[in-house]
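> Build me a structure from this.
(one chain, ligands or ions: 1)
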Amino acid sequence: MTTESIKTGELLTSDGDASNSSPGVGALTQEEKGRATKQRRWEQRMEKKRMAEEQAHILEEAKRKQDEMFMRKALGEARKAACTGDVPIGCVLVRRGKIIARGYNRRNADKNVLSHAEVSAIRKACKKLGDWRLEDCVLYVTLEPCPMCAGAIVQARIPRVVMGCANPKAGCAGSVLDLLHQPGFNHQTETEMGILGEECSLLMKEFFQDLRRAKDADKG
Ligand SMILES: [Zn+2]
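Coordinates of the predicted model:
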């Protein structure tokens with residue numbers, strides 16, 4: 001009997017042929033058992049992976065829903081700006097799942113270039129917390145921050161910024177400059193772009209359309 005035949009459980013007759021009296025029907029050879037174990041382990045690994053992916057997907061969905069909820073609040077702030085004739089940009093600062101400060105663009109209303117939504121919300125949050133560091137806050141803003149606001153975000157060490165739409169002419173989270181991800185700075189920010197992007201962008205478009213119509217009406 002060869003080593004191989006022992007391994008596979010074959011029974012040999014005296015002349016060396018495999019006999020008909022092989023193991024009973026349904027009995028597995030060692031090789032088959034090994035293959036079945038491998039298959040079972042592979043299936044277990046796949047199932048574990050699938051469950052981990054499903055869990056990650058559920059968490060991702062919950063995060064996206066929360067981001068959308070806070071962006072809606074920022075949009076509400078942006079609408080306030082439009083009411084005072086300012087470009088509709090709104091912002092909320094969230095800490096531990098709660099809004100701690102809000103801001104909207106009041107550059108025209110205040111006749112002050114510093115009255116941007118983000119700076120306004122950051123100022124309020126610092127006052128409320130009694131700290132210039134906002135290291136456990138998330139900033140939601142309807143439009144990609146300008147250089148001044150991106151600078152303030154880096155200075156306040158805000159770890160995450162969620163944005164509605166890009167600002168191709170002045171955005172500093174990647175559009176014109178990328179101040180929020182500068183490797184040379186001592187702080188980099190995690191960013192998310194496009195949360196309720198269409199709504200944020202539409203609000204801006206409608207504002208400028210109305211402005212043009214009003215100007216045309218004045219000319220007429
Ligand atoms: Zn700004």
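
> So the lengthiest helix in the chain, near the ion or not?
Ranked by number of residues, the top helix in the chain under DSSP state H is helix 30-83. No: using CB under 5 Å from the ion, helix 30-83 stays clear of the ion, coming no nearer than 12.1 Å. All C-beta atoms are positioned from the backbone trio N, CA, C, and that covers glycine.

> the inter-axis angle of the next helix or strand after that helix versus helix 30-83?
Downstream of helix 30-83, the first helix or strand assigned by DSSP states H and E is strand 90-95. Calculated by axes from the mean of the first three to the mean of the last three CA atoms, to 10 degrees, strand 90-95 forms an angle of 130 degrees with helix 30-83.

> Name every strand pairing with strand 90-95 and say which way it goes.
Sheet pairing here is set by DSSP bridges, and for strand 90-95 it gives strand 98-104 (antiparallel), strand 137-143 (antiparallel).

> and the last one with the ion, contact?
No: residues of strand 137-143 are not located near the ion by CB under 5 Å from the ion, the shortest gap being 8.4 Å.

> now that strand: mean pLDDT?
If you average the pLDDT over strand 137-143, you get 98.

> and if you look at stretch 169-181?
97.

> contact partners of it?
The contact list for stretch 169-181, computed with CB atoms under 8 Å, 6 or more residues apart in numbering, reads 143-147, 149-151, 153-154, 161, 163, 166-168, 185, 188-189, 191, 193.

> Can you flag which of the residues you listed belong to helices?
147, 149-151, 153-154.

> and residue 86, what pLDDT?
Per-residue confidence (pLDDT) for residue 86: 96.

> who touches it in this structure?
Residue 86 sits next to 104-109 when contact means CB under 8 Å, 6+ apart.

> so can I have JSON lines of those showing pLDDT, secondary structure and neighbour count?
Formatted as JSON lines, the contacts of residue 86 follow (pLDDT from 0 to 100; DSSP: H, G, I helix; E, B strand; the rest coil; neighbours: other CB atoms under 10 Å):
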{"residue": "104", "pLDDT": "98", "secondary structure": "strand", "neighbour count": "28"}
{"residue": "105", "pLDDT": "98", "secondary structure": "coil", "neighbour count": "27"}
{"residue": "106", "pLDDT": "97", "secondary structure": "coil", "neighbour count": "19"}
{"residue": "107", "pLDDT": "96", "secondary structure": "helix", "neighbour count": "18"}
{"residue": "108", "pLDDT": "94", "secondary structure": "helix", "neighbour count": "13"}
{"residue": "109", "pLDDT": "96", "secondary structure": "helix", "neighbour count": "15"}
